[in-house]
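[1] Build me a model from this:
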Amino acid sequence: MSFFTERGYAHRPSLLEGPNYYTWRSRMRAFLKSIDERVWSTIVDGWTALVIDENEVSRPKMVASWTVDELTILNYNSKVIHALFNAVNVNQMKVIANCERSKDAWDRLQVKNEGTSAVKRNRLRRLLIDFENLNMHDDETITALYGRVCGISNECFALAKTYSNIGLVRKVLCSLPQRFMSKVTTIEECCDMDVMDIDELIGFLQTYELNLKRWDKQKPSKDLALKHEQKKALFEKIVVLTTKLTEAKAIIDKLNVGSLKLDEVLGQEKSFGDRYGLGFSPGTSTSNSSAWTFVKATKTPTEDVVVRQATKKKVLENHNLFSNVNHNANNGFSSKRTWKPKTDVNCFVSHTSLLAFQNDLWYLDSGCSRHVIGNKSLLTELESVDSGHVTYDDGKKGKILGKGSIVLPDFSILKDVLLIDGLKTNLISISQICDKIL
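    This next block holds a predicted model:
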């Protein structure tokens, strides 16, 4: 139901705005009757302008020749027209602006706002459906529900559909929610539904509604218990997430061990072949070739150690891969470091591609993730690989043909060495060595 700020007064009728037609019609009828009962009769019975016949020709009767009773009826018609013109808005005024008879103006307003017979039937059908589906909302009061019931019943009454008092009483009882069920049961058992007035029923329900509100205030709030349950559930979620985070950190730490070991190895700046400090044990070497012989540190190195030292220096100087030589005391040398100037040294893997291909030449590469080789004849236990590739530093890719093992002099067996198509350089992956050690 729509409510409008425009109200009717004893000296002024209410304003018709369209949706409030049924309310306006009732107020307008009361207003016209308050002026005079015969004013309203001009709408019910109608008024016709007086005519006279002269020589079989009809013409309007002059006002000067009207009787007192005829003038009185004319005044009643004029009062209705005046009241209607001042009780409608601009859009409604366009419909009755040319009307001189009060009944014609009233009928036109009725057709405009109620519609034709077909429109009335459809509107009545919609109202009947709304009445059958009417239910009280959870946050609605008894007063609001009663207002909706009266609004629908009044509109139905305007369309020639009348609801009896007992029908309204039963509809209200059926529309109540579960919190009113105890009261509904009491009313049905203790009262005669056939004689109960709708206003009496609404009074009972309003009293019960007030008691419900008072009881709700006295009951302890459920919000505290709800908040406690929410906090408990949140705490349990935090514990589960914390456990998962700890497990994830442990997994990440295991994955980072190889990288940390690699950083440690590179930070020691060890020379080629010096494997002490990396978990190396001389007695566990599996190489069948000439093995290293470790002796105690002496001021005068042995002949065998001097030969190996000269060989190592020659390899380093020929290929310009290192900028300093670190002699460990465990190899029989002094621990003093000798620094060499870095002159025209290119420490990139691509630099090795300029050298002639040598089967026995290997390079330690900290940027290579796997051991790789290009010569198939050096591999043992070769297994073919149907798919896969490696990516070089310049973005180019090489196809993986297989993988196997290789035995290097003075070194342990290298396993899982990838055979790459067209590779001209043999690379030893430092990160793969560290992973194997772990």
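
[2] So for stretch 141-148, mean pLDDT?
    Stretch 141-148 shows a mean pLDDT of 91.

[3] Same question for stretch 389-404.
    82.

[4] measure that stretch end to end?
    End-to-end distance for stretch 389-404, by C-alpha to C-alpha, to the nearest Å: 16 Å.

[5] With stretch 52-59 instead?
    End-to-end for stretch 52-59, by C-alpha to C-alpha: 6 Å.

[6] if you average pLDDT over it, what comes out?
    Model confidence over stretch 52-59, given as mean pLDDT, is 70.

[7] And stretch 249-263, by the same measure?
    For stretch 249-263, mean pLDDT rounds to 72.

[8] Next: stretch 189-205.
    88.

[9] Show me what counts as buried in it.
    Buried positions in stretch 189-205, judged by neighbour count with 16 or more other C-beta atoms under 10 Å: Met196, Ile198, Leu201, Ile202, Phe204, Leu205. (Each C-beta comes from the backbone N, C-alpha and C, glycine too.)

[10] Same check on stretch 91-106?
    Per 16+ other C-beta under 10 Å, stretch 91-106 contains these buried residues: Gln92, Ile96, Cys99, Arg101, Ser102, Lys103, Asp104, Ala105, Trp106.

[11] Just confirm Ser429 contacts His371, I think it does.
    Yes - assessed by C-beta atoms under 8 Å, Ser429 is found in contact with His371 at 5.2 Å.

[12] List the buried residues in the strand or helix carrying Gly402.
    Per DSSP states H and E, Gly402 falls inside strand 397-407. Buried residues in strand 397-407, counted by 16+ other C-beta under 10 Å: Gly398, Ile400, Leu401, Gly402, Lys403, Gly404, Ile406.

[13] Paired strands for it, with orientation please.
    In the sheet, strand 397-407 lines up against strand 380-384 (antiparallel), strand 389-391 (antiparallel), strand 413-420 (antiparallel) (DSSP bridges).

[14] With respect to Gly147, which of these lies nearest?
    Closest of these to Gly147 is strand 389-391, at 78.2 Å (criterion: C-beta to C-beta).

[15] what's the burial count for Leu84?
    Neighbours of Leu84 under the rule other C-beta atoms under 10 Å: 23.

[16] dump the residue contacts of it.
    Listed by C-beta atoms under 8 Å, 6 or more residues apart in numbering, the contact set of Leu84 reads Met28, Ile96, Ser102, Ala105, Trp106, Leu109.

[17] 10 Å - rerun?
    13, 16, 28, 32, 43, 92-93, 96, 99, 102, 105-106, 108-109 (C-beta atoms under 10 Å, 6 or more residues apart in numbering).

[18] What's the separation between Leu124 and Glu155?
    As judged by C-beta to C-beta, to the nearest Å, Leu124 and Glu155 stand 9 Å apart.

[19] Identify the contacts common to those two.
    When contacts are counted by C-beta under 10 Å, 6+ apart, Leu124 and Glu155 have Lys161 as shared neighbours.

[20] these two touch, right, Leu419 and Ser405?
    No - at 11.3 Å, Leu419 does not count as touching Ser405 under the criterion of C-beta atoms under 10 Å.

[21] which one of Leu124 and Glu155 has more residues nearby?
    For Leu124 versus Glu155, neighbours defined as other C-beta under 10 Å are more numerous around Glu155 (20 against 16).

[22] Would you mind measuring from that one to Ala83?
    In this view, Glu155 and Ala83 are 24 Å apart by C-beta to C-beta.

[23] and what of Asn135?
    40 Å.

[24] same check, this time on Ile238
    The spacing between Ile238 and Ala83, counted by C-beta to C-beta, is 74 Å.

[25] Compare neighbour counts for these two and give me the winner.
    Ala83 (18 against 10).

[26] Understood, closing this out.
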